[in-house]
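# Predicted model and sequence below, questions to follow.
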Amino acid sequence: MIRKHRLLFFACIVSLALLSLLSYLKQIDSKILGLEPRWMWVSALPVLLALIAGGYVGKFKAAGVEFDRGEQDLPYLRPGPKVPIEENINSSTEEKHPKASLHEVDELNLKEARVNRYRQNRDVFLVHKYKPSVHKGQRYDIFIYLIRHGSFDFSDVEKAEFFFGEAWGDRTFMAEKVGELIGVSTSAWGTFLAICLVTFRDGHKVIMHRYIDFEMAATGT
C-alpha cells in the first residue's frame, strides 16, 4: 500500500513539472509547442496511469482510449451447446419454498445481516461485467471476478473455484490471480447463476453467488 502511495506521489510531481513546462512554453509562444491549449491535459497522464496501476481507478475511457483493470486477460471458459433453462429449478412449488409472513419479515434484523455478510465474506464479493460477444452463437462476453470493499489486496485469498452449471459441463473451474483480478471470462446466450467458492489462506471458506444478467445494457442511453 505504501508503494502505491509513493507511486502516486511521484506521478503528481511529474505531472506538475510537465504542466509547468507546457505552460511556460505556451506563454513564450515557443515553436516547440504548437498545440492548442486543450492538449494541456496530457500533463495529467502520469497521475492517471499511477491511479490505474495503483488500483485507485478501475477503468477510464477518453479520446477513444480505454483502460481497465485487466478483465480482458482473465482466462476464458468456453461454454457448451445451448441447454434448456433450468426448468426444474423454476418449477419449485410453494410447499418447498413457503412465503414468509410480514410479521416474520419485520422481525428480521437486516442491519445485523448486512454487517455479518461483510464479516463472513471478509469484504470480498463477486461481480461481473459484460460486452457484446465476439463469439458466434453467443450474446455476451462476460467477465466474472472478485472485488474487495475498499481495497484491491487479495493476498489472504488462496483460491477461487467457479461453477456455472450444465452449459459448462457441470465442471468446477479454478481461477488464479491475473494482474489485480481473481476471476474468469466466458460467453453466454442467456442469463445464468454463477457460484464461487472462495478459500482464504487461514482455511476460512465462503460460497458467493452472482446472477449473471444483462440488465445494465439499458443504461447510458
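Yes, it's here.
# For beta bridges, what are the partners of the residue nearest to residue 74 when sequence neighbours are not counted?
Once flanking residues are discounted, residue 74 sits nearest to residue 185: 4.3 Å by C-beta to C-beta, 6 or more residues apart in numbering. (Glycine included, C-beta is placed from N, CA and C.) Note on residue 185: beta-bridge partners by DSSP bridges are residue 76, residue 143.
# Likewise for residue 207?
Counting by DSSP bridges, residue 207 is bridged to residue 197.
# how much space between it and residue 195?
Residue 207 sits 7 Å away from residue 195, going by C-beta to C-beta, to the nearest Å.
# contacting residues for the residue nearest to residue 74?
71-72, 74-77, 141-144 (C-beta atoms under 8 Å, 6 or more residues apart in numbering).
# the domain parsing of the protein - what is it?
2-67, 71-83+109-218 (automatic domain parsing).
# Which one of these has the poorest average confidence?
When those are ranked by mean pLDDT, domain 2-67 comes last with a mean of 58.
# Narrow the contacts of residue 185 to just the buried residues.
With burial judged by 16 or more other C-beta atoms under 10 Å, the buried subset of the contacts of residue 185 is 71, 74, 77, 141-144.
# Which two among these are spaced furthest apart?
Greatest spatial distance among the buried ones among the contacts of residue 185 (C-beta to C-beta): 71 and 77, at 13.8 Å.
# Spatially nearest residue to residue 142, not counting backbone neighbours?
residue 130 (4.5 Å).
# CA atoms only for the helix or strand hosting that neighbour - export them in CSV, please.
Using DSSP states H and E, residue 130 falls within strand 124-132. C-alpha atoms of strand 124-132 as CSV (Å, rounded to 0.1, in the frame of the first residue of the first chain):
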residue,chain,number,x,y,z
VAL,A,124,-14.8,-9.9,-0.7
PHE,A,125,-17.7,-10.1,-3.2
LEU,A,126,-18.5,-11.5,-6.7
VAL,A,127,-19.2,-9.0,-9.5
HIS,A,128,-19.5,-9.1,-13.3
LYS,A,129,-19.1,-7.0,-16.4
TYR,A,130,-20.1,-7.8,-20.0
LYS,A,131,-20.0,-6.7,-23.6
PRO,A,132,-21.4,-7.8,-26.9
